[in-house]
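Student: Here's my sequence, what's the structure:
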Amino acid sequence: KQAKSLDKIMAELDSFIGMKSIKEAIRRLAVQVVFMQQRLQLGIGSSEPMSLNIVLTGNPGTGKTTIARKMGEMFKAIGLLPTDNVIEVSRNQMVGKYMGETPKLVNSLCDRAMGGILFIDEAYTLYDADGGNGDKFGKEAVEALMKRMEDDKGKFVVIAAGYRKEMETFLKINPGLESRFTHRLNIEDYTEMELVEIFKSLARKKQYVLPETTEAVLIDTIHHLCMNKNRSFGNAREIRSLFDNTISQLSMRVSAIPPSLLSERDYQVIEPADIPAPMPNQFSPHP
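Tutor: Predicted coordinates for the structure are as follows:
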């Protein structure tokens, strides 16, 4: 596939709804990397390859995986990495069931990520300090990962993602771990109006029409979801689910209309009644 230019990647990033602070952070990161590379070319400063590893925090459904893939494209475009491959992993793929298995798993994943990005989702689950016997295998995984980040510095990028608070705790489990991550990026939750925009964008893509009366109900429904959200609230994921349920209600309503009375409009217009009412206490805060 043809490599994308940095301008094209940045334009795609800008087209994402919301994410203002992360877009700015990524732009600054790109500028910094290019600056450091230019210094290297001029023979100024350290000649060792630039090491870059990122802690990416944010709640569910804020787009951490999407952002990691975008960074893969960006790092390739600016010549930091030879490929835009992003190997997405979680604890299950990194932590073995018996002694000696974990380092092999971690090394194999790092080998696959060479020249690209190793994206560890919910990285804080790698090491469960409260787990019985102190989570020996999780500790092994962290140590094996740290060794590879040191031995292959500059040859691949590690992006460790998860909830902000848990990631802060995770980085403190080993004195050398925090120092290996050079950048911290955080994705904010979407605002209510950004979530409304995400719903409208899904509708547009699928060629549905949203009259003003329906939009008013949608705004009210999303406001209710946001007022009652807890930490497991899925942001954009929640809206995709709301959209799917809306289309399900629309199809049920249209299927009840006699065929002779149906028009093309019935297959396109989302009526207020199609927006599912929020479930009471759907995301009620934990007691």
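Student: does Met99 count as helix, strand or coil?
Tutor: coil (DSSP: H, G, I helix; E, B strand; the rest coil).
Student: show me the contacts for it.
Tutor: Lys136, Phe137 (CB atoms under 8 Å, 6 or more residues apart in numbering). Glycine gets a C-beta too; all of them are placed from N, C-alpha and C.
Student: Can you give me the neighbour number for Asp7?
Tutor: By other CB atoms under 10 Å, the residues close to Asp7 number 9.
Student: That one is in what secondary structure piece?
Tutor: Using DSSP states H and E, Asp7 falls within helix 6-15.
Student: Give me the mean pLDDT for that helix.
Tutor: The average pLDDT within helix 6-15 is 94.
Student: what packs against it?
Tutor: Helix 6-15 sits against helix 20-41, helix 64-77, with contacts defined as 3 or more CB pairs under 8 Å, 6 or more residues apart in numbering; DSSP states H and E.
Student: in the shortest one, what's buried?
Tutor: What that stands for is helix 64-77. Buried residues in helix 64-77, counted by 16 or more other CB atoms under 10 Å: Lys64, Ile67, Ala68, Arg69, Lys70, Met71, Gly72, Glu73, Met74, Phe75, Lys76, Ala77.
Student: buried set for the helix holding Asp7?
Tutor: Here helix 6-15 shows Ile9, Met10, Leu13 as buried, counting by 16+ other CB under 10 Å.
Student: quick one: which of those is nearest to Pro82?
Tutor: Using CB to CB, Ile9 is the member of the buried residues of helix 6-15 that lies nearest Pro82, at 16.2 Å.
Student: Please verify my assumption that that closest one contacts Gly72.
Tutor: No - with contact defined as CB atoms under 8 Å, Ile9 does not count as touching Gly72 (9.8 Å).
Student: okay, now Thr213: neighbour count?
Tutor: Neighbour count for Thr213, taken as other CB under 10 Å: 10.
Student: Equivalent analysis for Asn107, please.
Tutor: Per other CB under 10 Å, the neighbour tally for Asn107 reads 14.
Student: tell me which strands and helices the helix or strand hosting it is in contact with?
Tutor: Counting by DSSP H and E, the secondary-structure element that holds Asn107 is helix 101-113. When contacts are defined as 3+ CB pairs under 8 Å, 6+ apart, helix 101-113 sits against strand 86-89, helix 91-94, helix 136-151.
Student: which parts of it are buried?
Tutor: Thr102, Pro103, Leu105, Val106, Leu109, Cys110, Ala113.
Student: Appreciated, that's everything.
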